[in-house]
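*Asks:* How does the following fold in three dimensions:
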Amino acid sequence: MTSLSDFGAFVAHRNGRAATAEELAPLAFAGYAHFTAMQVRGGRVRGLDLHLERLRTASVELFGHALPDDQVRSYLRAALEAGPADLSLTATVYSPAGEFTAGGGAKLDVLVRTGPPASGPEGPLALAAMEHERFLPAVKHVGEVAKTYLLRRAVAQGFDDAAFVDRRGRLSEATIWNLAFWDGDAVVWPEAEVLGGITMSIVRRQLDGLGVPQRVQEVTLADLPELAGGVVMNSWTPGVAVRRIGSVPLPGAPAFLELLHRAYRAEPLTAP
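*Replies:* Predicted coordinates:
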């Protein structure tokens, strides 16, 4: 029986062992699952506690129960031991009962996939402003066709990516990114229904430790001229500069960008 781990240093594991094509085939036709994504360096990851909390909370939301953290950590370790010290890792939790079923209490499985390490685009980026609100925004769930669709629409219009504007006109997040802004003194996080990114949570708690002011407030396109810079962030990077959203330019803010990266580096790396 052929496993996907036979095709290089990176792996696809199901519940801590190499996944077979037969085991993965049903997942190719399913879309009811949630996941977390991380960058591993030297076999360790930043914000491990936040990743575990995300998986736990989302499992309870989608399935009514969650796997023990120790069990999830053992699956992460198995994947890391099979690959290089630096890599990208995605852990997806799903039920073999599949979608379109009422089996909320079904058994849970974990798919862990590793790949080459990533660091994100150079920037600065131009983001198209597109009206969109994600379903269950607090859950990092799979099967979000809108993200890719709106990304491709943005690129077709000459932008690098898309930022989302909700029905109240508030900027919320971008396709696979959180947004953050700088007013010259404080970090401004948009107030809207968004997915709380792990990198965002890491940066926020490290900025607290550094004594950097932060606040959450509604940000609209009309508010952007009053701000001194903006970035996107995700598991790849704590900050890529944004040069405009829609037709509204944002000034370069290298000190803001450096601050975010410094805060991220202050987060200790932890082995699963």
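
*Asks:* Could you use CA atoms for every contact and neighbour count after this?
*Replies:* Noted.

*Asks:* Give me the pLDDT for residue 248.
*Replies:* Residue 248 carries a pLDDT score of 98 in this model.

*Asks:* Surely residue 59 is in a helix?
*Replies:* Yes. According to DSSP: H, G, I helix; E, B strand; the rest coil, residue 59 belongs to a helix.

*Asks:* Grab the nearest non-local neighbour of it.
*Replies:* residue 66 (5.1 Å; C-alpha to C-alpha, 6 or more residues apart in numbering).

*Asks:* Surely that neighbour and residue 53 touch.
*Replies:* No. Using C-alpha atoms under 8 Å, residue 66 is not in contact with residue 53, being 10.2 Å away.

*Asks:* who has more neighbours, those two?
*Replies:* Neighbour count, other C-alpha atoms under 10 Å: between residue 66 and residue 53, residue 66 has more, with 19 against 14.

*Asks:* does that one sit in a helix, a strand or a coil?
*Replies:* Taking three-state DSSP as the rule, one finds residue 66 in the coil state.

*Asks:* what's it sitting at in phi/psi?
*Replies:* Per-residue torsions, residue 66: phi -140, psi 160 (degrees, to the nearest 10).

*Asks:* what pLDDT does it get?
*Replies:* pLDDT, residue 66: 97.

*Asks:* Likewise for residue 104?
*Replies:* Per-residue confidence (pLDDT) for residue 104: 62.

*Asks:* and the residue lying closest to residue 19 once chain neighbours are set aside, what element?
*Replies:* Using C-alpha to C-alpha, 6+ apart and skipping the chain neighbours, the partner closest in space to residue 19 is residue 13 (4.8 Å). Assigned by DSSP states H and E, residue 13 belongs to strand 12-14.

*Asks:* name the helices or strands packed onto that strand?
*Replies:* Strand 12-14 sits against helix 69-81, strand 109-115, with contacts defined as 3 or more C-alpha pairs under 8 Å, 6 or more residues apart in numbering; DSSP states H and E.

*Asks:* what's next to the last one, contact-wise?
*Replies:* The contact list for strand 109-115, computed with C-alpha atoms under 8 Å, 6 or more residues apart in numbering, reads 10-16, 72, 75-76, 79, 83, 87-96.

*Asks:* Phi and psi next, for residue 223.
*Replies:* Dihedral pair for residue 223: phi -80, psi -20, per degrees, to the nearest 10.

*Asks:* residue contacts, the residue nearest to residue 139 when sequence neighbours are not counted?
*Replies:* Once flanking residues are discounted, residue 139 sits nearest to residue 58: 5.8 Å by C-alpha to C-alpha, 6+ apart. With contact taken as C-alpha under 8 Å, 6+ apart, residue 58 is in contact with 34, 139-140.

*Asks:* Tell me the one among those residues nearest to residue 150.
*Replies:* The nearest member of these to residue 150, counting by C-alpha to C-alpha, is residue 140 at 17.5 Å.
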